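*Asks:* sequence unknown, structure follows:
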């Protein structure tokens, strides 16, 4: 009866990602990088944690849409910063480090998820890892 729900949530996330690309691009062009990064990371954190407390399917879909909106900015920011601040001759090592971190996370997170007693703990961990970026941004 409810087999469609994971597919809907997954689709809503990626629709949010598409909307977020346009939204954050507009925000970045009109208000600058710092407000865009702070707002997108804050939304990512709040909506990610809010997912844990969603009282119904509709609220869960809305929160996952918001996480999707912010996801593109959050996940691509390290790559863009390396490209922007490193010269062409010195980009290789920093870019490889960024890409290796994604590979390492992709290999590690499933094992961490298996070791944790609840998916909610993994969600809290994933959402709170964004807090140092918000707190330390100058």
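*Replies:* Yes, it's here. Note that this is a predicted model, so its numbers are computed, not measured.

*Asks:* quick one: pLDDT of residue 96?
*Replies:* Here the pLDDT value assigned to residue 96 is 89.

*Asks:* how close does it sit to residue 128?
*Replies:* 27 Å (C-beta to C-beta, to the nearest Å). Glycine gets a C-beta too; all of them are placed from N, C-alpha and C.

*Asks:* low-confidence ranges, the chain, go.
*Replies:* Applying pLDDT under 70 to the chain flags the ranges 138.

*Asks:* if we go to 90?
*Replies:* 1-2, 25, 28, 32-38, 41, 72-99, 101-102, 105-106, 119-120, 122-138 (pLDDT under 90).

*Asks:* mind giving me the packing neighbours of the helix or strand hosting residue 69?
*Replies:* Per DSSP states H and E, residue 69 falls inside helix 57-85. Judged by 3 or more C-beta pairs under 8 Å, 6 or more residues apart in numbering; DSSP states H and E, the packing partners of helix 57-85 are helix 5-31, helix 33-50, helix 92-115.

*Asks:* tell me the angle of that helix relative to helix 33-50?
*Replies:* 150 degrees (axes from the mean of the first three to the mean of the last three C-alpha atoms, to 10 degrees).

*Asks:* I'd like the helices and strands packed on helix 57-85 as CSV, with mean neighbour count and distance to residue 75 appended.
*Replies:* Formatted as CSV, the helices and strands packed on helix 57-85 follow (neighbours: other C-beta atoms under 10 Å; distance: least, C-beta to C-beta, whole Å):
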stretch, mean neighbour count, distance to residue 75
helix 5-31, 15, 9
helix 33-50, 18, 10
helix 92-115, 11, 8
